[in-house]
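Engineer: Have a look at this prediction, sequence included:
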Amino acid sequence: MATAAAGMPGVSRGLFRRPTAKTGFSAWITTVDHKRIGLLYGYTAFFFFLIGGIEALLIRSQLATPAGKLLTEAQYDQLFTMHGITMIFLVVMPMSSAFFNYLIPLQIGARDVAFPRLNAFS
């Protein structure tokens, strides 16, 4: 009788249940898979790359004419600094982490990165 119930679909098997895969947004946020973490880093870096591009367009718009009146001097200085910080700390560094997380375990033949939960938390 137990073998007949074990072969039937939809019957609960207690301890020997198959784990179900998470799907959707929560699966991406709680993942410990190095490929997904690398993709999340890449998406974030690309988003901030677009923000940095908008900042660069504002800077170049100010410099398009000899007497640019789009920004004040203080705003221009702040935007110039913010553009540099955005591109280095919010684009270049996460993009390098994206490549490291995605490619290095594949290149060295590792199944996963060391401390995957800590990696996902970062």
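Structural biologist: It's in.

Engineer: rest of the way, CA atoms for contacts and neighbours
Structural biologist: OK.

Engineer: where exactly do the helices run in this protein?
Structural biologist: 2-7, 25-29, 34-62, 73-87, 93-108, 116-121 (DSSP state H).

Engineer: M87 against L50, yeah?
Structural biologist: No: M87 is not in contact with L50 according to Cα atoms under 8 Å; the separation is 9.7 Å.

Engineer: higher neighbour count, the two?
Structural biologist: When neighbours are counted by other Cα atoms under 10 Å, M87 and L50 differ, and M87 comes out ahead with 19 against 13.

Engineer: distance of that one from G53?
Structural biologist: 9 Å (Cα to Cα, to the nearest Å).

Engineer: Over to I85?
Structural biologist: From I85 to G53 the distance is 12 Å (Cα to Cα).

Engineer: and what of L39?
Structural biologist: For L39, the distance to G53 - Cα to Cα - is 21 Å.

Engineer: Counting neighbours, go ahead and name the busier of those two.
Structural biologist: L39 (18 against 15).

Engineer: one step back: could you check the helices of the chain and tell me which one is nearest R17?
Structural biologist: Set against R17 and scored by Cα to Cα, these come closest in helix 2-7, at 10.5 Å.

Engineer: what's the distance between H83 and I59?
Structural biologist: 9 Å.

Engineer: can you check F46 too?
Structural biologist: To I59, F46 is 20 Å away according to Cα to Cα.

Engineer: and what of T65?
Structural biologist: Distance from T65 to I59, by Cα to Cα: 11 Å.

Engineer: likewise L90?
Structural biologist: 18 Å.

Engineer: can you check R117 too?
Structural biologist: 40 Å.

Engineer: Please identify which of these two sits among more neighbours.
Structural biologist: Set side by side, R117 and I59 show more neighbours around I59, with 19 against 14, by other Cα under 10 Å.

Engineer: could the helices of the chain go into CSV alongside mean pLDDT and distance to R17?
Structural biologist: CSV is the format used below for those (pLDDT from 0 to 100; distance: least, Cα to Cα, whole Å):
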stretch, mean pLDDT, distance to R17
helix 2-7, 54, 10
helix 25-29, 83, 20
helix 34-62, 95, 26
helix 73-87, 96, 47
helix 93-108, 90, 30
helix 116-121, 77, 24
